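*Asks:* Okay, here's the prediction I keep looking at, along with the sequence it came from:
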Amino acid sequence: MKRSLPLNAVRVFELAAQHSSFTKAAEELSLTPAAVSAQVKLLEGYLGTPLFVRSNNRLKLTAAGENYFPRIRDAFRALQQATDQVMGQRSASLRVSVPPTFGTKWLVPRLFRFFAKHPDIAVEVVTDGGEGVWDLAVDDRPIDGAEQAILAVSRYTPVCSPGVAAQLQGPEDLAAQMLLHERPGRRAAPAVGWDQWLESAGVSPGSVSRDMGFGDGTMMLQAAIEGQGVALAQELLVAYDLAAGRLAEPFRLDVPLQHTYYLAVSREAGARDETGLFKQWLFAELGTVP
């Protein structure tokens, strides 16, 4: 007789695969990493094949694990949705992955308009770089294995506090300012840097003596709001701060440097009505056509 599937071990594996970490899975489940490891080994024994490669404190899915993970992830998601409906919770939910600065500066200030149109759809916003579980993902690189579309293209422009802007007449005045810039993470597409922008604006990058880098674009923009320098920002992400007067655009030059955002839809979520509604709303907010 075939042994019963160890469902608890399957759930533990799903979380470990999602986080690529026994420790993070253990934290979510209120277990020890050793207990998570034991459950994964139990499942591997049941399946007769390893699911992870463990080396140098790094965890990576084997080919069997890569094949197994999305299937059991979708099964648990379907189970959760069915349970929510029986319990009378919202009839639909979406998990949306976005870059942190895009989420903070563009998506979150507009989400209330989506909820006003679709109060029955729950949205969970995560910033896992498209590496976790999601229905839709906004990223600055195409994501393999999902339906893709270009969501938006944003030009780069210098921004700063109104007080700093009053000191600037043209791009040559940037030489006397602290130039703020973002250092993209390991998965992010290379960001346009000040050297590229200054060369395009006809200013020698060698004339600049001070700069400050940030690992997060939100911190960079906050430093600019506080008057600590001039940030090289994506126009798309500073529209609200410009409109509110927290930031100013000291000069506007037609510099052909842009950043592209892609929208990916998971295979499992593509046919769901709520996915189409959220996708349609995103493009409408941007004034573009999918």
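*Replies:* Structure received. Numbering: from 1, shown residues only.
*Asks:* where does the stretch 101-250 of the chain dip in pLDDT?
*Replies:* The model of the stretch 101-250 of the chain has pLDDT under 70 over residues 129-130, 184-191, 207.
*Asks:* Spell out the residue ranges of the strands in it.
*Replies:* Along the stretch 101-250 of the chain, counting by DSSP state E, counting those that start in this stretch, strands occupy 121-126, 136-139, 147-159, 179-182, 211-214, 230-234.
*Asks:* winner for burial among those?
*Replies:* Comparing the strands of the stretch 101-250 of the chain by mean neighbour count (mean count of other Cβ atoms under 10 Å), strand 230-234 comes out on top with a mean of 27. C-beta: built from backbone N, CA, C; applies to glycine.
*Asks:* Within its sheet, name the partner strands of that one and how each one runs.
*Replies:* The sheet places strand 230-234 alongside strand 147-159 (antiparallel), strand 179-182 (parallel), with pairing taken from DSSP bridges.
*Asks:* Let's have the ones you listed in a markdown table, adding distance to Pro99.
*Replies:* Shown next, in a markdown table, are the strands paired with strand 230-234 (distance: least, Cβ to Cβ, whole Å):
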| stretch | distance to Pro99 |
| --- | --- |
| strand 147-159 | 12 |
| strand 179-182 | 11 |
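*Asks:* Those: which one's closest to Asp216?
*Replies:* Of all the strands paired with strand 230-234, the one in closest proximity to Asp216, counting by Cβ to Cβ, is strand 179-182 (7.3 Å).
*Asks:* Just the CA atoms from that closest one would do, formatted as PDB, please.
*Replies:* This file holds the C-alpha atoms of strand 179-182, laid out as PDB (Å, rounded to 0.1, in the frame of the first residue of the first chain):
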ATOM      1  CA  LEU A 179      24.800  64.400  -6.500                       C
ATOM      2  CA  LEU A 180      22.600  61.600  -5.200                       C
ATOM      3  CA  HIS A 181      22.200  58.300  -7.000                       C
ATOM      4  CA  GLU A 182      20.800  54.800  -6.600                       C
END
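*Asks:* who's in contact with it?
*Replies:* With Cβ atoms under 8 Å, 6 or more residues apart in numbering as the test, strand 179-182 has contacts from 101, 191, 193-194, 208, 210-217, 220, 223-224, 228-232.
*Asks:* coming back round to it: let's have the strands of the stretch 101-250 of the chain in TSV, adding distance to Pro50.
*Replies:* Below are the strands of the stretch 101-250 of the chain laid out as TSV (distance: least, Cβ to Cβ, whole Å):
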stretch	distance to Pro50
strand 121-126	28
strand 136-139	28
strand 147-159	31
strand 179-182	39
strand 211-214	40
strand 230-234	43
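*Asks:* so Leu242 touches Ala248, yeah?
*Replies:* Yes. Here Leu242 reaches Ala248: they are 7.1 Å apart, a contact under Cβ atoms under 8 Å.
*Asks:* any residues in contact with both of those two?
*Replies:* Going by Cβ under 8 Å, 6+ apart, residues that sit against Leu242 and also against Ala248 are Val159.
*Asks:* nearest to Gln167, of the strands paired with strand 230-234?
*Replies:* Among those, if distance is taken as Cβ to Cβ, the winner is strand 147-159, at 12.4 Å.
*Asks:* Using PDB, write out the CA atom coordinates for the closest one.
*Replies:* Taking Å, rounded to 0.1, in the frame of the first residue of the first chain, the C-alpha atoms of strand 147-159 are listed here in PDB:
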ATOM      1  CA  GLU A 147       3.400  36.600 -20.100                       C
ATOM      2  CA  GLN A 148       5.300  39.900 -20.700                       C
ATOM      3  CA  ALA A 149       4.400  43.400 -21.600                       C
ATOM      4  CA  ILE A 150       6.200  46.800 -21.400                       C
ATOM      5  CA  LEU A 151       4.300  48.600 -18.700                       C
ATOM      6  CA  ALA A 152       6.000  52.000 -18.800                       C
ATOM      7  CA  VAL A 153       9.100  53.900 -20.000                       C
ATOM      8  CA  SER A 154      10.300  56.700 -17.800                       C
ATOM      9  CA  ARG A 155      12.900  59.400 -18.500                       C
ATOM     10  CA  TYR A 156      15.600  60.400 -16.000                       C
ATOM     11  CA  THR A 157      15.600  64.000 -14.600                       C
ATOM     12  CA  PRO A 158      17.500  65.800 -11.800                       C
ATOM     13  CA  VAL A 159      15.300  66.600  -8.800                       C
END
